[in-house]
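Below is the sequence, then the predicted model.
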Amino acid sequence: MATVTTTPRQKLGWGTANFVAIALALIPVLWLVSLSFKTPTAVVDPSFLPKQWTWSNYFRSSGILSTSQFIRPLLNSIGIGLIATFIAVVLASMAAYAVARLRFPGKSLLIGMALLIAMFPVISLVTPMFSIERALGLFNTWPGLIIPYVAFGLPLGIYTLSAFFREIPWELEKAAKVDGATPFQAFTKVIAPLAAPGMVTTSILVFLLCWNEFLLAISLTSTTASRTAPASIAYFSGSSQFTVPTGPIAAAAVVITIPIIIFVVFFQRRIVAGLTSGAVKG
Amino acid sequence: MSSNAEAAVTVAVQGEAKVRKGRQQLSEGARAERRLGWMLCAPAVIVMIAVTAYPVGYAIWLSLERYNLELPQAIKFVGLSNYGAVLSSPYWWQALKVTVIITIFSVAITLVLGMLLALLMHRTLFGRGTLRTAALIPYGIVTVAAAYGWQYAWTPGQGYLSAAFNHSAPLTSEVKAIIVIIVAEIWKTTPFVALLLLAGLSLVPEDLQKAAKVDGATAWQRFTRITLPLMKPAILVALLFRTLDSFRIFDNIYILTAGNNGTGAVSNLGYDNLFNALNLGIGSAISILIFICVAIIAVLFIKGFGTAAPGTDIGKR
């Protein structure tokens, strides 16, 4: 397309299409932002933008950022997400290295198993995990969520990382081996640094997966000791039994969307590369 | 993923065959490589098995018991009667119907819109980065957060969409609520499908398009005769992913309608049976039935991939 000269009409056409697509993607998010700035009485006003802007849903006594009902779950989300992502990416990078580089029987079994788990219906785990975790004392604890999140992050990690690992110049590894490095040293000293960009991308994707998870988060927790932010929003209650806390819920939804927007704006290229390489070339 | 994964599997199997032929002469290095391969995979495999295979096995056992958390002394082995109870319940069939309807419509529409968005991302003359960034936001946003946005938007007197549609309250009626749920799913998942298809599009050689253009093919002919056939692997992957993902829909329904008015999917039914009825036996039977449904869909798809295999390898790396 770049070689063809473009007419103003073409420009207008593509520009309009771009605008429509971007608007469709952003309007539902902007609506949430707008709701979060409406005053408690104005939430019963269907206009798209607030007539009167207020920070009271975020700060001050009624705001979500001044109640442990939200702050604690937010910290849980960050902690559980980071720990699960770290473990999943470390384990996945080991397996992905083996898949991309080594010849060993059972490799196709591993690929099939990862695919199976990526497609696994989470609800099938909820009942038995609820029972098992209560017996083991893991119910309503951080590890109780971290362990299943690692398991569901692994397939994504293995696929994405093995796609990245295949692109690495492996002659360097051979050179290292010629120089007397063991396969393990070749992995840690030569390949791991080269694989860092892929690992950053994979970490973002796995973190988003954990950050987004809801079904296990409401099933395997019972208090704010380990409930994550998305789950906590579902348990918000209004100042009285009869008011729906629309404003605080919208504000909480906006707060948990901010990290996603930061990731997307700064790592757009990486995320696109990670999603497509892992899925199509896997 | 699957068709490519299958190809990868074939390659791997061929590789293994080669290895097997030379087993007697398996050098010390090759043996070390095998050991390292297994060692590197072992932790991931152990975690995946511990968190999925073991609980599923346990769920099969639970599903054969009468097990109500409120009556812990009444636990008893009852064979397949939990399955009988679920399969003869109208709630199960209603939930299955809702799940299938949501899956079919959301996947079909998402594929069409995803293709349009992919073509736009591929061909647009400017603002490519902005477009991709904007598209990634619905992909990345927490489903629950977005679902609250949709819920309030459709609440009469409160939401802009309800106001725009004659102050309607779609979430209180079965059919309209399901439409709202489908729209929410489409909005959330179209960007992911578009990105998968975009990767497929980038594999279609530009020369082929140009040659066809020179030969007088219209844009539509080029799309249906060249682009679509070459993109078949990417389309099948997107279809498999989205179908299985859509079948386990839970978050959107939990927030939007809580499954009221017969809008609950099978996952919502399973959840309600555990946490409202506290019935581990029935809940496990539902879990296993959903697992079987997903397995059937996956097998059908992989069979489909098998017959579609010839000619689909052209666009591959």
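Here it is on my side, so go on. As the structure is a computational prediction, the values presented were derived from the model and not from experiment.

What ranges in the stretch 1-150 of chain A fall below the confidence cut-off?
In the prediction, the stretch 1-150 of chain A carries residues with pLDDT under 70 at positions A:1-5, A:42-44.

tell me the contacts of the residue in it that chain B sits nearest to?
Nearest residue of the stretch 1-150 of chain A to chain B: A:Phe104, at 3.1 Å (C-beta to the nearest C-beta). Placement of C-beta: from N, CA and C, glycine included. Neighbouring residues of A:Phe104 by C-beta atoms under 8 Å, 6 or more residues apart in numbering or on different chains: A:98, B:33-34, B:36-38, B:41.

Help me confirm that it is found in a helix?
No. Counting by DSSP: H, G, I helix; E, B strand; the rest coil, one finds A:Phe104 to be coil, located in no helix.

next one: phi and psi at it?
Reported as degrees, to the nearest 10, the phi and psi values for A:Phe104 are phi -160, psi 150.

quick one: B:Thr103 and B:Leu87, what's the gap?
Taken as C-beta to C-beta, to the nearest Å, the spacing of B:Thr103 relative to B:Leu87 amounts to 20 Å.

how close does A:Ala21 get to B:Leu201?
The value you get for A:Ala21 to B:Leu201, if C-beta to C-beta is used, is 16 Å.

cool, and B:Ala32?
Remark: distance between B:Ala32 and B:Leu201 (C-beta to C-beta) = 42 Å.

Then A:Val89?
As for A:Val89, its distance to B:Leu201 is 29 Å (criterion: C-beta to C-beta).

how many neighbours does the closest residue to A:Ile64 other than its chain neighbours have?
Nearest residue to A:Ile64, sequence neighbours excluded (C-beta to C-beta, 6 or more residues apart in numbering or on different chains): A:Phe70, at 4.3 Å. When neighbours are defined as other C-beta atoms under 10 Å in any protein chain shown, A:Phe70 has 22 of them.

Using the three-state scheme, assign A:Phe70.
Per three-state DSSP, the local secondary structure of A:Phe70 is helix.

That one contacts A:Ala229, correct?
Yes. With contacts defined as C-beta atoms under 8 Å, A:Phe70 counts as touching A:Ala229 at a distance of 7.2 Å.

Next, show the common contact partners of those two.
Residues within reach of A:Phe70 and of A:Ala229 at once, by C-beta under 8 Å, 6+ apart, are A:252, A:255.

about what we covered before: the more surrounded of B:Thr103 and B:Leu87?
B:Thr103 (22 against 12).

nearest residue to the more buried one other than its sequence neighbours?
Here the nearest residue to B:Thr103 in space, its sequence neighbours aside, is B:Ser246; by C-beta to C-beta, 6+ apart that works out to 4.3 Å.

Helix or strand next in line after the helix or strand where that neighbour lies, which one?
If you go by DSSP states H and E, B:Ser246 is part of helix B:232-247. Stepping forward along the backbone from helix B:232-247, the first helix or strand reached (DSSP H and E) is helix B:251-256.

touching chain A at all, that following helix?
Yes. Contact between helix B:251-256 and chain A, assessed by C-beta under 8 Å from any C-beta of the partner chain, occurs at B:251, B:254-255.

B:Asn68 against B:Asn279, yeah?
Yes. Here B:Asn68 reaches B:Asn279: they are 5.2 Å apart, a contact under C-beta under 8 Å.

pLDDT at the residue nearest the centre of chain B, what is it?
In chain B, the residue lying closest to the centroid (C-alpha atoms, centre = their mean) is B:Asp245, at 2.1 Å. Reading off the confidence values, B:Asp245 has pLDDT 89.

and if you look at A:Ala250?
Per-residue confidence (pLDDT) for A:Ala250: 90.

ok, now B:Ala184?
On pLDDT, B:Ala184 comes in at 95.

how many other residues sit next to A:Val122?
By the other C-beta under 10 Å criterion, the neighbourhood of A:Val122 contains 21 residues.

give the contact list for B:Met48.
The neighbourhood of B:Met48, defined by C-beta under 8 Å, 6+ apart, consists of A:113-114, A:117, A:151, A:154-155.

Name the nearest residue to the spatially most central residue of chain A, ignoring sequence neighbours.
Using C-alpha atoms, centre = their mean, the residue of chain A that lies closest to the mean C-alpha position is A:Leu208, 0.5 Å off. Across the structure, with C-beta to C-beta, 6+ apart as the measure, the residue nearest A:Leu208 apart from its sequence neighbours is B:Gly140 (5.5 Å).

Please report how far the closest residue to B:Ser173 other than its chain neighbours lies from chain A.
Beyond its immediate neighbours in the sequence, the residue positioned closest to B:Ser173 (C-beta to C-beta, 6+ apart) is B:Asn261, lying 6.6 Å away. Taking C-beta to the nearest C-beta, to the nearest Å as the criterion, B:Asn261 is separated from chain A by 19 Å.

separation between the closest residue to chain A within the stretch 1-150 of chain B and B:Val175?
Nearest to chain A in the stretch 1-150 of chain B, going by C-beta to the nearest C-beta, is B:Gly37, at a distance of 3.1 Å. Applying C-beta to C-beta, one obtains 53 Å for the distance of B:Gly37 from B:Val175.

before we move on, what about B:Ala164?
According to C-beta to C-beta, B:Ala164 stands 19 Å off from B:Val175.

picking up where we left off before, more neighbours: A:Ala21 and B:Leu201, which one.
The neighbour comparison of A:Ala21 against B:Leu201 (other C-beta under 10 Å) goes to A:Ala21, with 23 against 20.

ok, that one - contacts?
A:Ala21 makes contacts with B:117, B:120, B:131, B:134-135, as judged by C-beta under 8 Å, 6+ apart.

Go through those and flag which are in helices.
Secondary structure from DSSP state H places B:117, B:120, B:131, B:134-135 of the contacts of A:Ala21 in helices.

Those also near chain A: which ones?
Taking C-beta under 8 Å from any C-beta as the test, chain A is in contact with B:117, B:120, B:131, B:134-135 out of the ones in helices among the contacts of A:Ala21.

So between B:Asn68 and B:Asn279, which is more surrounded?
For the pair B:Asn68 and B:Asn279, the greater number of neighbours falls to B:Asn279 (23 against 16), based on other C-beta under 10 Å.

I'd say the more buried one and B:Gly270 touch.
No. The pair formed by B:Asn279 and B:Gly270 falls short of the contact definition of C-beta under 8 Å, at 10.6 Å.

And the contacts of A:Phe104, which is closest to B:Leu195?
Nearest to B:Leu195 among these: A:Ala98, at 27.2 Å, using C-beta to C-beta.

show me the contacts for the closest one.
A:Ala98 touches A:104, A:107, B:36-38, B:40-41, counting by C-beta under 8 Å, 6+ apart.

ditto for A:Ala92
Residues in contact with A:Ala92 (C-beta under 8 Å, 6+ apart) are A:153-154, A:156-158, A:161, A:202, A:206, B:44.

Tabulate those residues (CSV), appending neighbour count and pLDDT.
CSV is the format used below for the contacts of A:Ala92 (neighbours: other C-beta atoms under 10 Å in any protein chain shown; pLDDT from 0 to 100):
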residue, neighbour count, pLDDT
A:Gly153, 30, 93
A:Leu154, 28, 93
A:Leu156, 24, 89
A:Gly157, 30, 91
A:Ile158, 34, 91
A:Leu161, 27, 89
A:Thr202, 29, 91
A:Val206, 27, 93
B:Ala44, 28, 92
